[in-house]
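Trainee: all I have is the shape, not the residue letters:
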């Protein structure tokens, strides 16, 4: 390509067309996010500088980002950040990219707290914390809460700690490494609420996932084994042992798994009135229940 002097507007148009031909989702949005990242601007500033000519090194840097995107690397891993609950979280290949539907879990815990169904200083456990999004969002929204967050991955815990420091809640969110409830087996800690977005993709469905997911995100954080219910089941069966009297359990899962989870909760006899909650796409996504 000749040494053309590209403007912001011209480069965005050409890149959008290129990404569209490569079947990249939201090509215009992707082009804007990556150019804003390359130029250390926000997307509004791009439009305010639409006619600005770009330096050759800026164009070359942008091309390298676009190459990563057409290899189907998630845009969040390229920029290193993802917004969740209006907070910016550091992310990368060591952790799952937090999804908008997971905000439903945060909403539900806040509703319980505001409805005085939790104590004034609730102890909350975020099981399988990943980048720490749920625990940190709750730490920001419920300053009185004492929050524990666990994950089997040391890499995930490292990222989550960075995010807790970034958002000023590192003194109130305690991070522990371990498989599921293992760090709490001594029984000294009981929680008013246990919240979890566990792996819930069935193993045989993994290959059908988008290339951005199956090729880049950690399988450990996604694979729910044979029917996708392995971790959901474990949380339901063991969770009551780690709840205070009348404590609450809140679990995210695939919409098709919610009925099974409700049935399982009813069969255990440990919970009362398990309820399915819809996400922003109006699909059942979260199951909430109170310990008997």
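Mentor: Thanks, I have it. This is a predicted model, so every value here is computed, not measured.

Trainee: just the strands in this structure please.
Mentor: Per DSSP state E, the chain carries strands over the ranges 81-84, 87-90, 123-127, 146-151, 173-177, 191-196, 243-252, 271-278, 284-291.

Trainee: check which helices and strands the last one sits against.
Mentor: Right, strand 284-291. helix 103-114, strand 243-252, helix 258-268, strand 271-278 (3 or more C-beta pairs under 8 Å, 6 or more residues apart in numbering; DSSP states H and E). To be clear about C-beta, it is placed using only N, CA and C from the backbone, and glycine gets the same treatment.

Trainee: and the last one, which residues are buried?
Mentor: Neighbour-count burial for strand 271-278 flags 271, 274, 276-277 (criterion: 16 or more other C-beta atoms under 10 Å).

Trainee: before we move on, what about the first one?
Mentor: For helix 103-114, burial by neighbour count (16+ other C-beta under 10 Å) applies to 103-106, 108-109, 112-113.

Trainee: what does that helix rub up against?
Mentor: Helix 103-114 is contacted from outside by 84-85, 118, 122, 124, 134, 137-138, 141-142, 145, 193, 195, 197, 248, 250, 252, 277-280, 285-286, 288, using C-beta atoms under 8 Å, 6 or more residues apart in numbering.

Trainee: if we go to 6 Å?
Mentor: If you take C-beta atoms under 6 Å, 6 or more residues apart in numbering as the criterion, helix 103-114 is touched by 85, 118, 134, 137-138, 141-142, 193, 195, 248, 250, 252, 279, 285-286, 288.

Trainee: do stretch 152-162 as well
Mentor: Identification of contacts with stretch 152-162 by C-beta under 6 Å, 6+ apart yields 90, 94-95, 129-132, 151, 175, 177, 179.

Trainee: now with 10 Å?
Mentor: For stretch 152-162, the external contacting residues (C-beta atoms under 10 Å, 6 or more residues apart in numbering) are 89-96, 126, 128-136, 149-151, 170, 173, 175-180, 182-183, 218, 220-221.

Trainee: CSV for the buried residues of strand 271-278, including distance to residue 233 and pLDDT?
Mentor: Shown next, in CSV, are these (distance: C-beta to C-beta, whole Å; pLDDT from 0 to 100):
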residue, distance to residue 233, pLDDT
271, 14, 94
274, 14, 94
276, 16, 96
277, 19, 95
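
Trainee: separation between residue 215 and residue 131?
Mentor: Here the criterion is C-beta to C-beta, to the nearest Å. By it, residue 215 lies 19 Å from residue 131.

Trainee: could I get the full set of helices for this protein?
Mentor: Under the criterion DSSP state H, the chain contains helices at 8-21, 27-39, 43-48, 56-70, 75-79, 103-114, 133-141, 154-166, 211-214, 230-239, 258-268.

Trainee: quick one, which of those helices is nearest to residue 202?
Mentor: Closest of the helices of the chain to residue 202 is helix 230-239, at 9.5 Å (criterion: C-beta to C-beta).

Trainee: once you drop chain neighbours, what's closest to residue 202?
Mentor: Distances taken as C-beta to C-beta, 6 or more residues apart in numbering place residue 228 nearest to residue 202, at 3.9 Å, with adjacent residues excluded.

Trainee: wait, what's in contact with the one you found?
Mentor: Contacts of residue 228 by C-beta under 10 Å, 6+ apart are 198-206, 222, 253-254, 256-257, 260.

Trainee: pick out whichever of those sits closest to residue 21.
Mentor: For the contacts of residue 228, the closest approach to residue 21 (C-beta to C-beta) belongs to residue 206, at 27.8 Å.

Trainee: my guess is the closest one contacts residue 223. True?
Mentor: Yes: counting by C-beta atoms under 10 Å, residue 223 is a contact partner of residue 206 at 6.3 Å.

Trainee: looking at these two, which is more packed in?
Mentor: residue 223 (18 against 15; other C-beta atoms under 10 Å).

Trainee: where does this structure dip in pLDDT?
Mentor: The model of the chain has pLDDT under 70 over residues 1-3.

Trainee: now do 50
Mentor: Scanning the chain for pLDDT under 50 picks out 1-2.

Trainee: domain map for it?
Mentor: If you go by automatic domain parsing, the domain ranges for the chain are 8-71, 84-291.

Trainee: deepest-packed of those, please.
Mentor: A comparison of these by mean neighbour count, using mean count of other C-beta atoms under 10 Å, puts domain 84-291 on top with a mean of 19.

Trainee: list the residues that contact the nearest residue to residue 271 once chain neighbours are set aside.
Mentor: Among residues not flanking residue 271 along the chain, residue 289 sits closest, at 3.9 Å (C-beta to C-beta, 6+ apart). For residue 289, the contacting residues are 236, 239-240, 243, 247-251, 261-262, 265-266, 268, 270-275, by C-beta under 10 Å, 6+ apart.
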